[in-house]
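Asker: okay, here's the prediction I keep looking at, along with the sequence it came from:
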Amino acid sequence: MTVNFKLTGLRTYRLQGGSHSVVRRTMSDIHGTVEKGLHIPVTDRTLAGVAEKVLAGSRIDDRDAHRILESGNIHLIGALAEHRKQRSSGRLVYFTVNKQINYTNVCSVRCKVCAYAKGRRAKGAYTMSVDEIIGELSQYREGLDEVHIVGGLHPDLRFDYYTSMLRGIRTRFPGVTIKAFTATEIGYFAGLYKMSVDRVLKELVDAGLDTMPGGGAEVLSDGIRGELFSGKESKDRWLETHRTAHVLGIKTNATMLYGHIETDDDIIGHLRQLRSLQDETAGFLTFVPLIFHPENTPLRGRVGTPTGIRKLKVVALSRLYLDNFPHIKAYWVMMSEAVTQIALHFGADDIDGTIGSEKVTHAAGARTPAGLTKEHMVAMIKETGYVPVRRDGRYKVIEVYE
Ligand code: SF4
């Protein structure tokens, strides 16, 4: 079967043999456009309707999403996702010079996917003081754009531990974006300190918080949350916390942890709920599909690891389904550097940052380095043919490496 598309002002692709080769007929510059027809022979009939919608700029639905996850036509899926990415990011791919601070591994719940949490008196349990956090950030030599702060749900800390942490960082690093505390942590603070989510967020913003990371979303299914994340908030509470943040003007991110017991329906349901909230608030910056690492968790030996093709399809689906999200991230820590580079041709336009010393995923067996240099990240992106852009946590451009 052959489907011909005529487009104006868009990049041109010609996919041959249905699933085996992609020929780029014209190149656009960073913001450039070309005027050509788009010719896609589609041997996989099930994707023809999806392709028509994507090329017409229409929204795909849940049935289309299933077709993408079930199709083996990986080149067409990648070309469609890249086509949609070009409309929002052109040839730019973002990264940031950042440092992750995992301030405590003490946690009062026990998610079955977690190799990081410990009881407060367990061997290896730690909580960083504010001085230790500032000291660790001060040693970072790259010149920080963003600090990314997440930790366990510690039952004994006082609320002013968190506000002092933010004030200390803001004072010492006035220009840095402070991206801190998942919706799960915010909800926990609200319950522990008997405050509304609204009040918690206002006090944290007053102390220096800029944006929120997207963790704790896991899979937005109460069935999966009950089975693997018992003790965490409901999916509706996670969404409500982000809604509250958006109403207050706080930009946030969203993740999805996949590769354990979820089904395609669960993944699509997750994306549907995020797209719907984004339609309402436009408060999300980036969607980050996270790959589950089972080492050292109770699920070790019970679940496999997603294949490279599955990872690329999930990235592409994220770009195609979440048509209202500005950015889709390929998180190199979980994805590996090699697959991250390929994912940039499947709709991703961000690879996160230098990180410094990631602890949570490495506790679960990730074999990627604990951090990368800025030069390494620039080279990684350049090798894919895209233009690296150093950004801060709100996507303000700091440097373009043409
Ligand atoms: S994933 Fe987060 S909330 Fe769950 S046990 Fe680990 S640290 Fe605690």
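Answerer: Sure, I can see it.

Asker: now do the buried residues in stretch 316-333.
Answerer: 316-323, 325-333 (16 or more other C-beta atoms under 10 Å). (C-beta placed from N, C-alpha, C; glycine too.)

Asker: whoops, I mixed them up, stretch 70-79
Answerer: Neighbour-count burial for stretch 70-79 [16+ other C-beta under 10 Å]: 71, 73-79.

Asker: now stretch 129-147
Answerer: 130, 133-134, 137, 140, 144-147.

Asker: lowest confidence element among the helices and strands of the protein?
Answerer: strand 21-24 (a mean of 34; mean pLDDT, DSSP states H and E).

Asker: on that earlier part again, least confident of the buried residues of stretch 129-147?
Answerer: Looking at the buried residues of stretch 129-147 by pLDDT, the weakest one is Y140, with 76.

Asker: which residues does that residue contact?
Answerer: Y140 is in contact with 99, 356, counting by C-beta atoms under 8 Å, 6 or more residues apart in numbering.

Asker: filter the buried residues of stretch 316-333 down to the ones near the ligand?
Answerer: Residues of these in contact with the ligand (C-beta under 6 Å from any ligand atom): none.

Asker: of these, which belong to helices?
Answerer: Per DSSP state H, helices hold the following members of those: 316-321, 332-333.

Asker: for the spatially most central residue of the chain, which three-state class applies?
Answerer: Nearest to the mean C-alpha position of the chain, by C-alpha atoms, centre = their mean, lies V288 at 1.5 Å. Three-state call for V288 (DSSP: H, G, I helix; E, B strand; the rest coil): strand.

Asker: hmm, it is touching Y331, no?
Answerer: Yes: V288 lies in contact with Y331 (C-beta atoms under 8 Å); the separation is 5.5 Å.

Asker: so what sits against both of these two?
Answerer: In contact with both V288 and Y331: D352, using C-beta under 8 Å, 6+ apart.

Asker: buried sites along stretch 178-193?
Answerer: 178-190, 192.

Asker: no, scratch that, I was asking about stretch 337-352
Answerer: Quick answer for stretch 337-352 (16+ other C-beta under 10 Å): 337, 339-352.

Asker: and the gap between the residue of the stretch 151-300 of the chain found nearest the ligand and Y126?
Answerer: Proximity of the stretch 151-300 of the chain to the ligand (C-beta to the nearest ligand atom) peaks at G152, 4.1 Å away. Going from G152 to Y126 by C-beta to C-beta, to the nearest Å gives 10 Å.

Asker: what sits in contact with each of these two?
Answerer: Looking at what touches both G152 and Y126 (by C-beta under 8 Å, 6+ apart), the common residues are 104-106.

Asker: wait, a strand at L157?
Answerer: No: assigned with three-state DSSP, L157 falls outside any strand and is coil.

Asker: is it true that it touches T127?
Answerer: Yes: with contacts counted by C-beta under 8 Å, L157 reaches T127, the gap being 7.1 Å.

Asker: got any residues that touch both of the two?
Answerer: With C-beta under 8 Å, 6+ apart as the test, L157 and T127 both reach T104.

Asker: tell me if stretch 96-105 is near the ligand.
Answerer: No: taking C-beta under 6 Å from any ligand atom as the criterion, stretch 96-105 and the ligand are apart, separated by no less than 7.1 Å.

Asker: what mean pLDDT would you report for that stretch?
Answerer: Mean predicted confidence for stretch 96-105 is 95.

Asker: one more: stretch 318-334?
Answerer: In the prediction, stretch 318-334 has an average pLDDT of 96.
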